[in-house]
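Participant: coordinates for the following, if possible.
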Amino acid sequence: MQKLGRLQYERVLPSGEKIDITFEPEGNATFPGFTAEITAISDKQAHEENPHDLFTHTFYRLGKKHGINTNHLSYKIEDRWKGVYGNRKRLLDLPPASEIVATLTRQMTPFFRYIRDQKPEKIGLEIDEEGCRYQIGYNTHQKNSGGHIPSYSVAYSLEYNTLWKALDRKRRKLKKDPGNLPKGIFVCDAGCNMLRSRMKGIESYSAEDIIGGFLHKYEDLDFVAIVTADRVYTHGMMFPQMSSIKSYVRFLVRDQNLISVYEPLSDSLNKTLPAPAITPLNAGYKVRKKIKGGNSHGLYGAFVMTGNTVKISSSMLCDLLAGNISQEDFFKQMRFRNLDDPSNEGILNPFSRFSAEGRMIESMSVEKTDDDDDWITLTFGEPDVAKIDFRIRRQT
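Facilitator: Residues are numbered from 1 along each chain as shown. Prediction:
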């Protein structure tokens, strides 16, 4: 912001507290000055309250322990609600993290022993206990493992959520500033799905809904700016292709007549912001998973699809082969969905398509980059009928 005007950092208030930034434009700028606080929010609390990662780790670990091919495994976790309608949040119906390993071991061990000893083609198990409800399945005709969980990082209450609480904490501090400049809050994405997604369900609230409600309720705040970063994809004939990671700022204002006033500031900031090396989502993921390596890994979770070649991150492929991440986590990071997935969420898995077409890996190469990660390029050959599942054409 120093490129756009005069910036004062941690200005001291009469109360002794410090305001994060005070900005005044210079030259012929058409946007206003302001006083603002900065906060960062993530889904950390949601992940702690919903031990999904620990569930899947224990599930697949127990399967491997009993000699089960984990590609044949699937699961579905049920949910429960905390609070009353309109002011509640969704939780996975699982035991606390401190109890989950012992509970799943007790519940799943007989199931895996039966599969190991009896070798059924298909079987399932449903657990319906107080504070623990889920289904797991085994199917030898299933080529890839998968799972389903309710979205627990979505806000189902306008005020009972992480974003509203962070805004209210910063607004209380800004109220102590006696200055006349417009007041705002910059909300930075530290791995918060709500800040990146603009989609919402019938009962849920988007970040725009929450910020709009907050600005409507409190007239002493003029704007809230969301600062985040995400991958920008170009679209080919069949598959999106990663092009870059882009950071961006978008302003939401209390007075809708001032949108045109803040647009030049938003445009100027978006042109000034440097390109991030890694998305907040992947940065948070690497911290939670304790994945070691360089500080950047800007290619982590990225892929480029061109004809019969696929480029993926070298560090991510190594983590997958080393068992640092599961196949499910790999799919989640890559946003892949399989051919048999009825939903339209995510990107069609190119490896599933090549496998279904009987295409085998023909060559592999390493492409060095300026980042502390490299591209692994996989080239697939022509379809081989010997590798394709035999089908009988239906007679008409």
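
Participant: tell me the backbone dihedrals of F330, please.
Facilitator: Main-chain torsions, F330, degrees, to the nearest 10: phi -60, psi -50.

Participant: model confidence score at it, please.
Facilitator: F330 carries a pLDDT value of 80.

Participant: helices of the stretch 51-200 of the chain, start to end?
Facilitator: Secondary structure of the stretch 51-200 of the chain by DSSP state H, counting those that start in this stretch: the helices cover 52-65, 97-118, 162-174, 193-196.

Participant: quick check: which of those is buried the most?
Facilitator: Comparing the helices of the stretch 51-200 of the chain on average neighbours per residue, with mean count of other C-beta atoms under 10 Å, the densest one is helix 193-196 at a mean of 20. For glycine as for every other residue, the C-beta is placed from the backbone atoms N, C-alpha and C.

Participant: need the next SSE after it, C-terminal direction.
Facilitator: Counting by DSSP states H and E, the next helix or strand C-terminal to helix 193-196 is helix 207-217.

Participant: show me where pLDDT drops low in this structure?
Facilitator: 198-201, 231-244, 281-282, 284-286, 288-298, 300-301, 338-346, 370-372, 385-396 (pLDDT under 70).

Participant: show me how far stretch 75-91 is from its chain's centre.
Facilitator: Offset of stretch 75-91 from its chain centre (C-alpha atoms, centre = their mean, to the nearest Å): 19 Å.

Participant: contacts for it, please.
Facilitator: The contact list for stretch 75-91, computed with C-beta atoms under 8 Å, 6 or more residues apart in numbering, reads 49-50, 52, 55-56, 59, 92-94, 133-137, 147-152, 154-161.

Participant: got a ChimeraX select line for the buried ones in the residues you listed?
Facilitator: Selection command for ChimeraX covering only the buried members of those, criterion 16 or more other C-beta atoms under 10 Å:
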select :49,50,52,55,56,59,92,93,94,133,134,136,137,147,149,152,154,155,156,157,158,159,160,161
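
Participant: circling back to that earlier point, for the helices of the stretch 51-200 of the chain, which one sits closest to C318?
Facilitator: helix 52-65 (18.7 Å; C-beta to C-beta).

Participant: for the closest one, name the packing helices and strands.
Facilitator: Here helix 52-65 touches strand 73-77, helix 97-118, helix 327-334, going by 3 or more C-beta pairs under 8 Å, 6 or more residues apart in numbering; DSSP states H and E.

Participant: continuing past the strand or helix carrying Y248, what's the next helix or strand?
Facilitator: Using DSSP H and E, the element containing Y248 is strand 240-253. Next along the chain after strand 240-253, taking DSSP H and E as the criterion, comes helix 259-272.

Participant: how about that next one, which residues are buried there?
Facilitator: Judged by neighbour count (16+ other C-beta under 10 Å), helix 259-272 contains these buried residues: V261, Y262, L265, S266, S268, L269.

Participant: show me what that helix is in contact with.
Facilitator: In this structure, residues lying in contact with helix 259-272 by C-beta under 8 Å, 6+ apart are 1, 3-4, 29-32, 223, 225, 248-251, 253.

Participant: would you turn these into a markdown table with neighbour count and distance to G124?
Facilitator: Shown next, in a markdown table, are the contacts of helix 259-272 (neighbours: other C-beta atoms under 10 Å; distance: C-beta to C-beta, whole Å):
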| residue | neighbour count | distance to G124 |
| --- | --- | --- |
| M1 | 17 | 56 |
| K3 | 10 | 59 |
| L4 | 19 | 59 |
| A29 | 14 | 63 |
| T30 | 11 | 63 |
| F31 | 19 | 59 |
| P32 | 18 | 61 |
| F223 | 25 | 52 |
| A225 | 22 | 48 |
| Y248 | 14 | 44 |
| V249 | 18 | 48 |
| R250 | 17 | 45 |
| F251 | 20 | 50 |
| V253 | 22 | 52 |
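
Participant: what strands line up against the host helix or strand of T35, and which way round?
Facilitator: T35 belongs to strand 34-41 when assigned by DSSP H and E. If you go by DSSP bridges, strand 34-41 pairs up with strand 18-25 (antiparallel), strand 183-189 (parallel).

Participant: could you work out the most separated pair of the contacts of helix 259-272?
Facilitator: K3 and V253 (22.5 Å).

Participant: returning to that earlier point: list just the nearest of the contacts of helix 259-272 to H141.
Facilitator: Set against H141, the nearest of the contacts of helix 259-272 by C-beta to C-beta is Y248 (44.0 Å).

Participant: so who does that closest one touch?
Facilitator: Neighbouring residues of Y248 by C-beta under 8 Å, 6+ apart: V227, T228, A229, N270, L273.

Participant: which one of those sits closest to I376?
Facilitator: Nearest to I376 among the contacts of Y248, with distances taken as C-beta to C-beta, is A229, at 23.7 Å.

Participant: what bridges to that closest one?
Facilitator: S247.

Participant: which residues are in contact with it?
Facilitator: Counting by C-beta under 8 Å, 6+ apart, the residues that A229 touches are D189, I245, K246, S247, Y248, P276, T279, P280.

Participant: excluding covalently adjacent residues, which one is nearest to V187?
Facilitator: Leaving aside its sequence neighbours, V187 sits nearest to I226 (C-beta to C-beta, 6 or more residues apart in numbering; 5.3 Å).

Participant: any idea how far P276 lies from S260?
Facilitator: Distance from P276 to S260, counting by C-beta to C-beta, to the nearest Å: 28 Å.

Participant: using the three-state scheme, assign the residue nearest to V187.
Facilitator: strand (DSSP: H, G, I helix; E, B strand; the rest coil).

Participant: that one contacts A207, correct?
Facilitator: Yes. Proximity of I226 to A207 meets the contact threshold set by C-beta atoms under 8 Å, at 6.5 Å.

Participant: overlap of the contact sets of the two?
Facilitator: What both I226 and A207 touch, as defined by C-beta under 8 Å, 6+ apart, is the set L195.

Participant: of those two, who's got more company?
Facilitator: A207 (26 against 22; other C-beta atoms under 10 Å).

Participant: from G184, how far out is H216?
Facilitator: According to C-beta to C-beta, H216 and G184 sit 15 Å apart.
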